[in-house]
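Enquirer: have a look; sequence and predicted model below, questions after that.
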Amino acid sequence: MTPNGLTIAGIEALFARRGAEQYAGEPVTQLEHALQAAALAEASGADDELVTACLLHDLGHLVHELGPTPTLAGVDDHHQHAALPLLKGLFSPRVLGAIGSHVDAKRYLCATRAGYLEALSDDSKRSLVLQGGVFDTAQCEAFIARRGAAEAVQLRLWDDLAKTAGAPTPALAHFLARAERCALR
């Protein structure tokens, strides 16, 4: 860690230290989830910044000590914002914006996409309530008008698919190399 936040090596160390932890209520670890989200973005042709946002979108789960499933205790861990101060200065506002908006994207999709809410995992449904619930019409309009909202929605859709036990992905080093390419100098 630098005085201003994480480095690429610091991100690698955080995944090494906490990545083997179970992703709450899902059949994958935190690292597997991150790698799968990044791999889905890469397979879809996303650029380095969006792939990096996918890799790091849940890094906030790894920077606190709230136990394996905070939602069962009625706690919103605010993970979408928790890692942003550590990543600011390392990545562009575009990367940080996609990470910081992926929870709002869930709230938006619940309001706008038929069957989306019902398809969420139990933990994601619990966290939705803690995160403010489904957006109303005005909240949807305000969200989708924000810069980067469409990318946050796409990230969220890959996030939802990145929960398959045993899915093959490139190694963390592969995606950290992409992160390095888009890191601020």
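Expert: That came through fine. None of these values were measured; they are calculated from a predicted model. Residues are numbered from 1 along each chain as shown.

Enquirer: quick one, phi psi at the spatially most central residue of the chain?
Expert: The centre of the chain sits closest to H57, judged by C-alpha atoms, centre = their mean, with a distance of 2.2 Å. Taking degrees, to the nearest 10, you get phi -60, psi -30 for the backbone angles of H57.

Enquirer: likewise F91?
Expert: F91 adopts backbone torsions of phi -130, psi 160, taken as degrees, to the nearest 10.

Enquirer: do L172 as well
Expert: Note on L172: backbone dihedrals following degrees, to the nearest 10 are phi -50, psi -40.

Enquirer: how near is it to A16?
Expert: Look at L172 and A16: by C-beta to C-beta, to the nearest Å, they are 9 Å apart. In this view, the C-beta of every residue, glycine as well, is placed from N, C-alpha and C.

Enquirer: ok, those two, which is more surrounded?
Expert: Neighbours were counted for L172 and for A16 using other C-beta atoms under 10 Å; L172 has more, 19 against 11.

Enquirer: tally of neighbours for the closest residue to that one other than its chain neighbours?
Expert: Spatial nearest neighbour of L172, chain neighbours left out: F15 (5.9 Å); criterion: C-beta to C-beta, 6 or more residues apart in numbering. Other residues within reach of F15, judged by other C-beta under 10 Å, total 22.

Enquirer: ok, F15 touching D58?
Expert: No. Judged on C-beta atoms under 8 Å, F15 makes no contact with D58 at a distance of 10.9 Å.

Enquirer: joint contacts of those two?
Expert: Common neighbours of F15 and D58, counting by C-beta atoms under 8 Å, 6 or more residues apart in numbering, are Q30, A34.

Enquirer: and the pLDDT at the residue nearest to the centre of the chain?
Expert: In the prediction, the pLDDT value recorded for H57 is 97.

Enquirer: contacting residues for it?
Expert: By C-beta under 8 Å, 6+ apart, H57 lies in contact with A34, A37, Q80, A98, I99, H102, L155, D159.

Enquirer: which SS state does the residue nearest to L172 fall under?
Expert: Counting by DSSP: H, G, I helix; E, B strand; the rest coil, the backbone at F15 sits in helix.

Enquirer: residues touching it, list them.
Expert: Counting by C-beta under 8 Å, 6+ apart, F15 has contacts Q30, L31, A34, L62, L172.
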